[in-house]
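> sequence? don't have it. structure:
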């Protein structure tokens, strides 16, 4: 089992920045790829960014490419999502998740956090 707890969400103006953190406990964190997903009201949950176990490979949704950066610190069992140039359409609940390998599909992820709200005002 892997337990995941997100933090760092909040209210920010358009153009601002936030950094989300996801702290993991339980099984060996470094053995898992990690992903960030988000779900806006009335919409399906969607992939945002993913990072492999070592941090050397990352992948982003087109909608956040160039604005968001995923990273991880295996010594702290934590994955981060740095979000810059935020837009109102980035408003959503953001979830981190753990998978055996880097993937974009939700069904590839075995463990999920409870989510953290990000609200971007115009």
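Great, that's in hand. Here the structure is a predicted model, which is why all the values come from computation and not from measurement. Numbers count the residues shown, from 1 in each chain.

> how about low-confidence regions in this protein?
Judged against pLDDT under 70, the chain has no low-scoring part.

> can you give me the strands in it?
2-7, 10-13, 18-26, 33-39, 46-51, 58-60, 68-73, 78-83, 92-99, 109-112, 116-121 (DSSP state E).

> Same list, these, but as CSV with mean neighbour count please.
Where C-beta positions appear, they are placed from N, C-alpha and C, glycine not excepted. Shown next, in CSV, are the strands of the chain (neighbours: other Cβ atoms under 10 Å):
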stretch, mean neighbour count
strand 2-7, 17
strand 10-13, 13
strand 18-26, 18
strand 33-39, 24
strand 46-51, 22
strand 58-60, 17
strand 68-73, 18
strand 78-83, 23
strand 92-99, 23
strand 109-112, 17
strand 116-121, 17
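
> So for this protein, the centremost residue is which one?
In the chain, the C-alpha nearest the mean C-alpha coordinate belongs to residue 36, at 2.4 Å (Cα atoms, centre = their mean).

> For residue 122, see how far away that residue is.
23 Å (Cβ to Cβ, to the nearest Å).

> How about residue 37?
From residue 37 across to residue 122, the span is 23 Å (Cβ to Cβ).

> Cool, thanks, signing off.
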